[in-house]
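Q: fold the following.
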Amino acid sequence: MQNYMPNNTFQAIERPWGSYRTLCLEENHQVKEIFVNPNQRLSLQSHEKRSEHWIIVQGPALVSLQGQEQLLASGEHIFIPQRAQHRLANPGPGIIKIIEVQYGSYLGEDDIIRYEDDYQRD
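A: Sure, this is the predicted structure:
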């Protein structure tokens with residue numbers, strides 16, 4: 001566990017749709033806590049070098065995966081395979097919270113291919 005960093009060393013990162021913070025970062029996996037504000041959504045995206053597992057802690061959350069949408073309630077989860085197009089959205093009036101477990105050979109934020117983005121990011 002050479003690269004492990006306790007959760008109190010990570011600061012929240014603000015995004016136009018909400019925020020996230022890293023809870024654990026190691027060589028081949030990372031755990032994030034993600035908050036999405038009401039009526040906001042992340043970009044439609046994919047990752048070349050990692051897969052993700054989302055656990056809905058506070059929902060419901062609208063998940064798009066390979067063109068299929070599903071509404072997931074608190075306690076439900078979904079696996080996002082490497083290279084799959086996906087999006088997380090908050091259709092409700094309250095903030096949603098998910099735990100995201102990333103696994104792969106590279107976990108950097110620059111491993112995002114965006115297909116659609118409400119905030120005009122590349």
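Q: ok, now which ones touch the residue sitting nearest the centre point of the chain?
A: When C-alpha atoms, centre = their mean is applied to the chain, the residue found nearest the centroid is E100 (5.5 Å). With contact taken as C-beta atoms under 8 Å, 6 or more residues apart in numbering, E100 is in contact with 20, 31-34, 52-55. Every C-beta, even on glycine, is put in place using the N, C-alpha and C of the backbone.
Q: dump the residues you listed to CSV, plus neighbour count and secondary structure.
A: Rendered in CSV, the data for those read as follows (neighbours: other C-beta atoms under 10 Å; DSSP: H, G, I helix; E, B strand; the rest coil):
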residue, neighbour count, secondary structure
Y20, 20, strand
V31, 16, strand
K32, 20, strand
E33, 17, strand
I34, 21, strand
E52, 21, strand
H53, 16, strand
W54, 22, strand
I55, 15, strand
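Q: and the two most separated of those residues?
A: The span of these, defined through C-beta to C-beta, is set by Y20 and H53 at 15.1 Å.
Q: how close does S19 get to E100?
A: Distance of S19 to E100, computed by C-beta to C-beta, to the nearest Å: 13 Å.
Q: anything in contact with each of those two?
A: Any residue near both S19 and E100 by C-beta under 8 Å, 6+ apart counts here, and that gives I34.
Q: what is the neighbour count of the spatially closest residue to E116 that is not a sequence neighbour?
A: Excluding the flanking residues, the one nearest E116 by C-beta to C-beta, 6 or more residues apart in numbering is L44, at 4.1 Å. The burial count assigned to L44 is 18, neighbours taken as other C-beta atoms under 10 Å.
Q: how about L44, what does it touch?
A: Shown in contact with L44 (C-beta under 8 Å, 6+ apart): 64, 85-87, 114-117.
Q: what does S74 give?
A: If you count contacts by C-beta under 8 Å, 6+ apart, S74 has them with 56-60.
Q: run a quick neighbour tally on the closest residue to it other than its chain neighbours.
A: Sequence neighbours aside, G59 is the residue nearest to S74 in space, at 4.7 Å (criterion: C-beta to C-beta, 6+ apart). The criterion is other C-beta under 10 Å. On that basis, G59 has 21 neighbouring residues.
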